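Participant: Just a sequence and a predicted model for now, questions to come.
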Amino acid sequence: MNANVARTALRAASRDDRRPAASRGLKTIEFTQGIPEKVYEREDWPIEKLQQYFKDETFAILGYGSQGHGQGLNMRDNGLNVIVGVRKGGKSWEEAIEDGWQPGKNLFTIEEAAAKATTAMLLLSDAACTSVYNSVKDKMPNCKTLYFSHGFQVSYASETGFEAPKDKDIILCAPKGSGRTVRSLFLESRGINGSIAVHQDVSGKALEKATAMGVAVGCGYLYETTFEREVYSDLYGERGCLMGGIQGMFKAQYDVLRANGHSPSEAFNETCEEALMSLFPLVGEHGMDYMYKACSTTARRGALDWAPEFEKACKPVFERLYESVRNGSETRRALEFGNRKTYREDFDKETDAIAAQEMWVVGHKVRALRPERAAKGL
Ligand SMILES: NC(=O)C1=CN([C@@H]2O[C@H](COP(=O)(O)OP(=O)(O)OC[C@H]3O[C@@H](n4cnc5c(N)ncnc54)[C@H](OP(=O)(O)O)[C@@H]3O)[C@@H](O)[C@H]2O)C=CC1
Ligand SMILES: CC[C@](O)(C(C)=O)C(=O)O
Ligand SMILES: [Mg+2]
Ligand SMILES: [Mg+2]
């Protein structure tokens, strides 16, 4: 970066730091002018307050995938009374033991944990959730709250068959990131963003409880949504820019480079490695304008010209995707696939096929050459 670019970039960064989201205690923020949104921050729930608020609760985490792991360990480290319920002999049972949950003390079968729950945290796979819940719902004498991390069961009730019990609060906190990151950010004293929603408020305190739980599981700030908006945006985002879109775009760019005679290492570096190691982190820290300004004038000119081309090409795909989410097609597909007995092996076959794509085989070798890894022989 030459001195002028560096100075411009730094000016952009300090402008970014002055934006309103940084104001503690500010409860309504206009992220876009004219649209006030409520936000809740971890600062409002110091750990002593959380522990006092939840002193009579037994949180039963049912299901121990990525979110059960992240949310469960964070709640445990926050000093709350949390137990895990999973089927014995399954993959999750082993993983829970590896994470220090102890059978008979804070690790139980789903039935046992549900029976102890005052709040049941339904962190099962979306495909299995309703049938597992139905198998225990009449044996949860103390349970006053159902907690989800997705609007899926409730919003697509005609597909999932979920029937909301009339006597319980039904709340949601959906961390906006992988459960692995929910945990790693917490360990770094940072916090993932999350959304909260209330489907049913029997106690009159459901929103407050959702907020406190959001903080307890490791969120830094929380924005309000509804179950339906959460599930629509989540299914859309993960199929789009967050996962499906990024793989599709990387692969298309890589393949065209290779078809034009570029070497594998050149194609990979110019597509994935530079994006992930250099440019995307700049966007994440300071915004797209900062990243543009940190690149050459030549790059900026071309990227500014081509961004609308990509937007135009992608927009119809995104519109089709949103409709596929809205009309339940994506949900039916997720339920059909996730209910297969062989869903884990079937997924593995497809993700192994991605790993076997030339681009990611090359990526494996490129990553090994990062100096910090090469030095450790990784
Ligand atoms: N993954 C993430 O980071 C995010 C997930 N969410 C939401 O959080 C919730 C949990 O997701 P996630 O943590 O990814 O979990 P998964 O979707 O990976 O589900 C895994 C859990 O479901 C259990 N399970 C699956 N089938 C059955 C069954 N038939 N009977 C009993 N248990 C079963 C598994 O147990 P076993 O090992 O015994 O098979 C395992 O504990 C979902 O609603 C998801 O949409 C929200 C934000 C991000
Ligand atoms: C982006 C995928 C996700 O929605 C998530 C980590 O937030 C998921 O369902 O895992
Ligand atoms: Mg999701
Ligand atoms: Mg998500």
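Facilitator: That came in fine, so what should we check first? These numbers were taken from a predicted model, which means no experiment stands behind them. Ligands and ions are numbered 1, 2, ... in the order given.

Participant: which residues does the closest residue to T119 other than its chain neighbours contact?
Facilitator: Spatial nearest neighbour of T119, excluding adjacent residues (Cβ to Cβ, 6 or more residues apart in numbering): T145 at 4.2 Å. Where you see a C-beta, it was placed from the backbone N, CA and C, and this is true even at glycine. T145 makes contact with T118, T119, A120, K168, D169, I170, I171, S203, A206, K209, according to Cβ atoms under 8 Å, 6 or more residues apart in numbering.

Participant: and A174, which of the three is it?
Facilitator: Classification of A174 using DSSP: H, G, I helix; E, B strand; the rest coil returns strand.

Participant: Check whether I83 really touches E57, as I assumed.
Facilitator: No. Taking contacts as Cβ atoms under 8 Å, I83 lies outside contact range of E57: 10.9 Å.

Participant: Mind giving me the packing neighbours of the longest strand anywhere in the chain?
Facilitator: What stands out as the longest strand in the chain, according to DSSP state E, is strand 192-200. Applying 3 or more Cβ pairs under 8 Å, 6 or more residues apart in numbering; DSSP states H and E, one finds that strand 192-200 contacts strand 169-175, helix 179-187, helix 206-217, strand 219-224, helix 227-239.

Participant: Near ligand 3, which residues of the chain are found?
Facilitator: Applying Cβ under 5 Å from the ion, one finds that the chain approaches ligand 3 through D234, E238.

Participant: which helices and strands does whichever helix in the chain runs longest pack with?
Facilitator: For the chain, the helix with the greatest residue count under DSSP state H is helix 297-326. Contacts defined by 3+ Cβ pairs under 8 Å, 6+ apart place helix 297-326 against helix 227-239, helix 288-293.

Participant: Quick check: buried residues in the last one?
Facilitator: So the one you mean is helix 288-293. Of all the residues in helix 288-293, those buried under the rule 16 or more other Cβ atoms under 10 Å are Y290, M291, Y292, K293.

Participant: In which helix or strand does R373 reside?
Facilitator: Here R373, judged by DSSP states H and E, is contained in helix 371-376.

Participant: Run a quick neighbour tally on the closest residue to ligand 3 within the stretch 1-150 of the chain.
Facilitator: Closest to ligand 3 within the stretch 1-150 of the chain is H150: 6.3 Å, counting by Cβ to the ion. By other Cβ atoms under 10 Å, 19 other residues sit near H150.

Participant: looking at it, it is touching K176, isn't it?
Facilitator: No. H150 is beyond contact range of K176, at 11.6 Å (criterion: Cβ under 8 Å).

Participant: who are the neighbours in contact with the residue in the stretch 1-150 of the chain that ligand 2 sits nearest to?
Facilitator: Nearest residue of the stretch 1-150 of the chain to ligand 2 (Cβ to the nearest ligand atom) works out as S66 at 6.6 Å. Each residue near S66 by Cβ under 8 Å, 6+ apart is listed here: S178, G179, R180.

Participant: Buried members of those residues into PyMOL, please.
Facilitator: For the buried members of these, the matching PyMOL selection, counting by 16+ other Cβ under 10 Å, is:
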select buried, resi 179
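
Participant: Would you tell me which one of the contacts of S66 comes nearest to R301?
Facilitator: S178 (35.8 Å; Cβ to Cβ).

Participant: Let me know the distance separating that closest one from ligand 2.
Facilitator: Plainly put, S178 is 4 Å away from ligand 2 if you go by Cβ to the nearest ligand atom, to the nearest Å.

Participant: Find the residue closest to that residue in space, skipping its chain neighbours.
Facilitator: Once flanking residues are discounted, S178 sits nearest to S66: 5.7 Å by Cβ to Cβ, 6+ apart.

Participant: roughly how far apart are the one you found and F318?
Facilitator: 26 Å (Cβ to Cβ, to the nearest Å).

Participant: so what are the domain limits for this protein?
Facilitator: Listed by the TED database, the domain ranges of the chain are 27-225, 240-375.

Participant: what residue ranges in this structure are flagged as low confidence?
Facilitator: The chain contains residues with pLDDT under 70 at 1-26, 377-378.

Participant: bridging residues for the residue nearest to T119?
Facilitator: Applying DSSP bridges to T145 gives these bridge partners: T119, D169.

Participant: How about C219?
Facilitator: Beta-bridge partners of C219, as defined by DSSP bridges: I192.

Participant: Does it touch F186 like I think?
Facilitator: No. Contact status for C219 versus F186: not in contact, 9.3 Å apart, counting by Cβ under 8 Å.

Participant: Just confirm yes or no for the longest helix of the chain near ligand 2.
Facilitator: No. Judged by Cβ under 6 Å from any ligand atom, helix 297-326 makes no contact with ligand 2; its nearest approach is 12.0 Å.

Participant: chain center to that helix: distance?
Facilitator: Distance, stretch centre to chain centre, for helix 297-326: 23 Å (Cα atoms, centre = their mean, to the nearest Å).

Participant: Which helix or strand lies directly C-terminal to it?
Facilitator: Proceeding N to C from helix 297-326, the next assigned helix or strand is helix 329-338, under DSSP H and E.

Participant: Pull out the buried residues from that following helix.
Facilitator: E330, T331, A334, L335, G338.

Participant: contacts for it?
Facilitator: Residues from elsewhere that reach helix 329-338 (Cβ under 8 Å, 6+ apart): 125-128, 152, 156, 159-160, 235, 239, 324-325, 343, 346.
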